[in-house]
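Engineer: Return a 3D structure for these sequence lines:
(one chain, ligands or ions: 1)
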Amino acid sequence: MSPKIRVAIAGASGITGSSVMNALLATPEIFEVTALVRPSSLGKDVFVEYPQRGLVIKADELDGPAGVIAQVLAGIDVIISCMTLRQMEEEITLITAAYEAGVSRYVPSFFGPGCPPRGVMLAREMKEDMLDHVKRLYLPYTIIDVGWWYQLSLPPLPSGNVRAKEELSTTQIVGDGTNPWALVDNRDIGNEMWTQIDVYESWGGVTGESITRNLITNKEILQIISEGEAEMAHGDLESAAMLKLGMAQYKYLLGIRGDNTPEHAKSPVLF
Ligand SMILES: NC(=O)c1ccc[n+]([C@@H]2O[C@H](COP(=O)([O-])OP(=O)(O)OC[C@H]3O[C@@H](n4cnc5c(N)ncnc54)[C@H](OP(=O)(O)O)[C@@H]3O)[C@@H](O)[C@H]2O)c1
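Structural biologist: Model (predicted):
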């Protein structure tokens, strides 16, 4: 029998991380799964319950010296990061530690829509900056573009039965809404191409509700991007400016440019 592949996940309690962790734990004959957990999160239900499913827990702060984290990673074959850009510094340290520990493959926290590396989205550029660090170390890597979560795609219902976080979701129809883009269920990896108009029609049909169509034009999005870029000169990752800029850039990418397709995600991802 082949030895198990030892996979460590950073951000295992998160939405993406728990999806990845559940999938790996479902095949215990192939994978030994370790969660890298910051000590303050050890009491979370998932870390109390999942050891019964075979999850190994390793507690450590990821902002410590890379050499110390490398010791925690001893014996790990693959690291999958599912942290967010707010943990970019921790992820850079984790990459260094992965290299020092001799990890065979690193999967950085991309898990976004298909997007060119530079010049379109700040969030993608920051992820590419992390990837540059991986490349500088000649650490073998895989990046995974999954598409746009359909959980962020359904508009709120007039009845209030389903709500949506306006600031996070593409609840406005971009342009004329006929640009198809790849939607993924965040519990899964496969995706389907949908236009916003089709999503609204299907959603209205299933719920029997008449859903208001709020439109945003190309010109309006570009105006918000330009304002967001100016505001970000004084903002940081936690700022309202980052959210404003990020969501406008997502809308532009998805609804106007049309980058988020399986074809674009199929550009070489293995190194
Ligand atoms: N394709 C899409 O539509 C889409 C949508 C949303 C997100 N994403 C992408 O998916 C990836 C993950 O995002 P998410 O929304 O799944 O994340 P999330 O649910 O917010 O989870 C973040 C994870 O990071 C961990 N974490 C936070 N601070 C940490 C620290 N200092 N040290 C170690 N771990 C820390 C959290 O662990 P604890 O708090 O338990 O410690 C949690 O497990 C990102 O790359 C994001 O851009 C894609």
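
Engineer: Which strand or helix spans the nearest residue to Asp188 once chain neighbours are set aside?
Structural biologist: Distances taken as Cβ to Cβ, 6 or more residues apart in numbering put Ser19 closest to Asp188, at 7.4 Å, once the chain neighbours are dropped. Quick note: C-beta positions are derived from backbone N, CA and C, even for glycine. Taking DSSP states H and E as the definition, one finds Ser19 inside helix 15-25.

Engineer: That helix and the ligand, are they touching?
Structural biologist: Yes - judged by Cβ under 6 Å from any ligand atom, helix 15-25 comes into contact with the ligand through 15-17.

Engineer: before we move on, the earlier item: let me know the pLDDT of the residue nearest to Asp188.
Structural biologist: Looking at Ser19, its pLDDT is 96.

Engineer: what's the distance between the residue of the stretch 1-150 of the chain at minimum distance from the ligand and Lys266?
Structural biologist: When distances are taken as Cβ to the nearest ligand atom, the stretch 1-150 of the chain reaches nearest to the ligand at Gly14, 2.1 Å away. Taking Cβ to Cβ, to the nearest Å as the measure, Gly14 falls 26 Å from Lys266.

Engineer: and what of Val20?
Structural biologist: 20 Å.

Engineer: which of the two has more neighbours?
Structural biologist: Val20 (22 against 10; other Cβ atoms under 10 Å).

Engineer: OK, contacts around the more buried one?
Structural biologist: 9, 12, 80, 82 (Cβ atoms under 8 Å, 6 or more residues apart in numbering).

Engineer: Retrieve the pLDDT associated with the residue in the stretch 151-271 of the chain positioned nearest to the ligand.
Structural biologist: Residue nearest to the ligand within the stretch 151-271 of the chain: Leu152 (5.7 Å; Cβ to the nearest ligand atom). You'll see Leu152 listed with a pLDDT of 91.

Engineer: For the residue nearest to Asp188, the count of nearby residues, please.
Structural biologist: 19.

Engineer: one step back: just the contacts of Val20 now: which is nearest Leu42?
Structural biologist: Ala12 (11.8 Å; Cβ to Cβ).

Engineer: Pull out the buried positions in the lowest-mean-pLDDT helix or strand in the chain.
Structural biologist: Counting by mean pLDDT, DSSP states H and E, the weakest-scoring helix or strand in the chain turns out to be helix 262-265, with a mean of 87. Neighbour counts using 16 or more other Cβ atoms under 10 Å place Ala265 of helix 262-265 among the buried residues.

Engineer: Good, we can wrap up now.
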